[in-house]
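Asker: Output the structure for:
(one chain, ligands or ions: 1)
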Amino acid sequence: MALKDKRIITVAVTGAWPTRKDNSNLPVTPQEIADDVYSCWQAGAAVAHIHVREDDGTPSMRFERYQETVALIRAKKDCDICLNITSSGGTLGSGTTEEDDETRIRPIRELRPELCSFDCGTMNWQYRTIFENHPRFLERLGRTVQEVQVKPELEIFDIGMLYAAEHYMGRGILKAPCHFQFILGAPGGVAATVEDLLTLKQRLPPGSTWAASGIGKGHVPIMLATIALGGHLRVGMEDNVFYHRGIPAASNAQLVERAVRLLGEAGLQAASPDEARRILGIGRR
Ligand code: ZN
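Answerer: Numbers count the residues shown, from 1 in each chain. As a prediction, this is how the structure comes out:
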């Protein structure tokens, strides 16, 4: 099958917010995350988006937790999944000093995943706290990823963030062609509707690649619309802990398997990690 008919499945296995109360199958420790990522890779995921936690489930940005998690994934036999490390992690609503900037950037600079998240603005997160991405932080992150050759994945929670991405592209802080991840349905951001997805897709800078994910009940509708519109997919418990309404997902791999099946029904295939690297224009680690 031609590369144009391959779609990247990213799996966001843990995130910063869900807890074992939301879904008892959520992977939390470095070993659990690594084992989960491995089974998602076997199921067809090409990219793993990584957050880490402390053993009690608390969101963490501790470097050693990233180091251990990445090492465990990279040690898995034959597993060539692309890694995407968050640059937000456990910092939502906590800490916006230059020291915090360094804490957020260090895992990316030192562990050199293929990708990292780059959140193009600040928002009120679920009406509870502030997801702060200071201009100083974004400029530093943008320059660092160019130095260490990590591709930023531009997370877009609202349409203003798309214009902010163009601003940073214009100043050379982000280098085109960029890869965008639309995340729809986060309270405080754009809604998980097909209309809003289409608006975002139509505003993309020419030559960009893109993916989308709907949070919670918008998950499957946004996945179907994204397939129809030519985008790549993101699944996983960071965005959605349910398989169907009221039925918790049995595992992240179960969510990957569903995405693989839906691609198949559309005459498409899940991209392998190396195909994902070609689509995104990135080298192998
Ligand atoms: Zn994330």
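Asker: need the next SSE after the helix or strand of the chain with the lowest mean pLDDT, C-terminal direction.
Answerer: Here the helix or strand of the chain ranked lowest by mean pLDDT, DSSP states H and E is strand 129-131, holding a mean of 87. Counting by DSSP states H and E, the next helix or strand C-terminal to strand 129-131 is helix 135-148.
Asker: Can you give the contact residues for that next one?
Answerer: Outside helix 135-148, the residues that touch it by Cβ atoms under 8 Å, 6 or more residues apart in numbering are 87, 96, 98, 101, 104-105, 108-109, 112, 116, 118-120, 150-152, 168, 173-175. Any C-beta I mention is one placed from the backbone N, CA and C, and that applies to glycine too.
Asker: ok, residue 56 - contacts?
Answerer: Neighbours of residue 56 in contact, by Cβ under 8 Å, 6+ apart: none.
Asker: For it, report the pLDDT, please.
Answerer: You'll see residue 56 listed with a pLDDT of 94.
Asker: And the one 5 residues further on, by the same measure?
Answerer: In this prediction, residue 61 carries a pLDDT score of 91.
Asker: Distance check, it against residue 98.
Answerer: 15 Å (Cβ to Cβ, to the nearest Å).
Asker: Between these two, point out the one with more neighbours.
Answerer: residue 61 (22 against 11; other Cβ atoms under 10 Å).
Asker: Go ahead and confirm the more buried one touches residue 105.
Answerer: No: here residue 61 lies out of contact with residue 105, judged by Cβ atoms under 8 Å, at a distance of 10.2 Å.
Asker: Overlap of the contact sets of these two?
Answerer: Between them, residue 61 and residue 105 share no contacting residue, judged by Cβ under 8 Å, 6+ apart.
Asker: measure residue 195 to residue 123 for me?
Answerer: 20 Å.
Asker: what about those two, which has more around it?
Answerer: Ranked by neighbour count (other Cβ under 10 Å), residue 195 and residue 123 place residue 123 first, with 19 against 9.
Asker: Next, that one: phi, psi?
Answerer: phi -140, psi 160 (degrees, to the nearest 10).
Asker: Helices of the stretch 51-200 of the chain, residue ranges please.
Answerer: 63-74, 98-111, 135-148, 159-170, 194-202 (DSSP state H, counting those that start in this stretch).
Asker: Can you lay out the ones you listed as a markdown table showing distance to residue 20?
Answerer: Output for the helices of the stretch 51-200 of the chain, formatted as a markdown table (distance: least, Cβ to Cβ, whole Å):
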| stretch | distance to residue 20 |
| --- | --- |
| helix 63-74 | 17 |
| helix 98-111 | 24 |
| helix 135-148 | 30 |
| helix 159-170 | 31 |
| helix 194-202 | 31 |
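Asker: And the ones you listed: which comes nearest residue 209?
Answerer: helix 194-202 (11.6 Å; Cβ to Cβ).
Asker: which stretches of the stretch 1-150 of the chain aren't confidently modelled?
Answerer: 89-95 (pLDDT under 70).
Asker: Now with 90, please.
Answerer: Applying pLDDT under 90 to the stretch 1-150 of the chain flags residues 88-100, 125-132.
Asker: Make sure I have this right: residue 36 is in a helix.
Answerer: Yes: assigned with DSSP: H, G, I helix; E, B strand; the rest coil, residue 36 falls within a helix.
Asker: Which helix or strand contains the residue positioned nearest the centre of the chain?
Answerer: By Cα atoms, centre = their mean, the chain has its centre lying nearest to residue 49, at 4.8 Å. With secondary structure defined by DSSP H and E, residue 49 is part of strand 47-50.
Asker: Against residue 211, how distant is the residue lying closest to residue 227 once chain neighbours are set aside?
Answerer: In this structure, residue 227 finds its nearest non-sequential neighbour in residue 266, 5.1 Å apart by Cβ to Cβ, 6 or more residues apart in numbering. Counting by Cβ to Cβ, the gap from residue 266 to residue 211 is 15 Å.
Asker: next one: residue 137
Answerer: 23 Å.
Asker: try residue 184
Answerer: Taken as Cβ to Cβ, the span from residue 184 to residue 211 is 11 Å.
Asker: Compare the two and say which is more crowded by neighbours.
Answerer: Neighbours per residue (other Cβ under 10 Å) separate residue 184 from residue 211, with residue 184 holding more: 27 against 20.
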